[in-house]
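[1] From the sequence below, what's the structure:
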Amino acid sequence: MSEKVLQIASEILGISIDEVQKNSKSVPEENAFFCWNPIRGGLQMIINETEEKLVLGSSFSFDKTLELFREGKRN
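    Here you go, the predicted structure:
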């Protein structure tokens, strides 16, 4: 994950860059990363290296978030 992507995720999720790195996983088929704020009700997001992102609430599953991202949903 690039420093810029880490910074964007940190700002949106409201957690430190260290926390973003700890609470993320690679989504290589989309050249992206899935990151989340581990608190109850925290946000989650998929962000790619071109800084396209989809941010959703914690009520969405990873699979649903990925499905929406693949469909081209962004915010």
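[2] make it CA atoms for all contacts and neighbour counts henceforth
    Noted.
[3] residues contacting His32?
    His isn't right for residue 32; it's Ala. By C-alpha atoms under 8 Å, 6 or more residues apart in numbering, the contact list for Ala32 reads 26, 46-49.
[4] And it, how far from Asp18?
    Distance of Ala32 to Asp18, given as C-alpha to C-alpha, to the nearest Å: 18 Å.
[5] now swap in Lys73 and tell me
    Separation of Lys73 from Asp18 (C-alpha to C-alpha): 27 Å.
[6] ok, those two, which is more surrounded?
    Lys73 (14 against 10; other C-alpha atoms under 10 Å).
[7] Kindly confirm my reading that that one is in a strand.
    No: checked against DSSP: H, G, I helix; E, B strand; the rest coil, Lys73 lies outside a strand; its state is coil.
[8] Tell me the pLDDT of it.
    Here, the pLDDT recorded for Lys73 equals 97.
[9] Which strand or helix spans the residue nearest to the spatial centre of the chain?
    Nearest to the geometric centre of the chain sits Met45, at 2.6 Å (C-alpha atoms, centre = their mean). Here Met45, judged by DSSP states H and E, is contained in strand 43-48.
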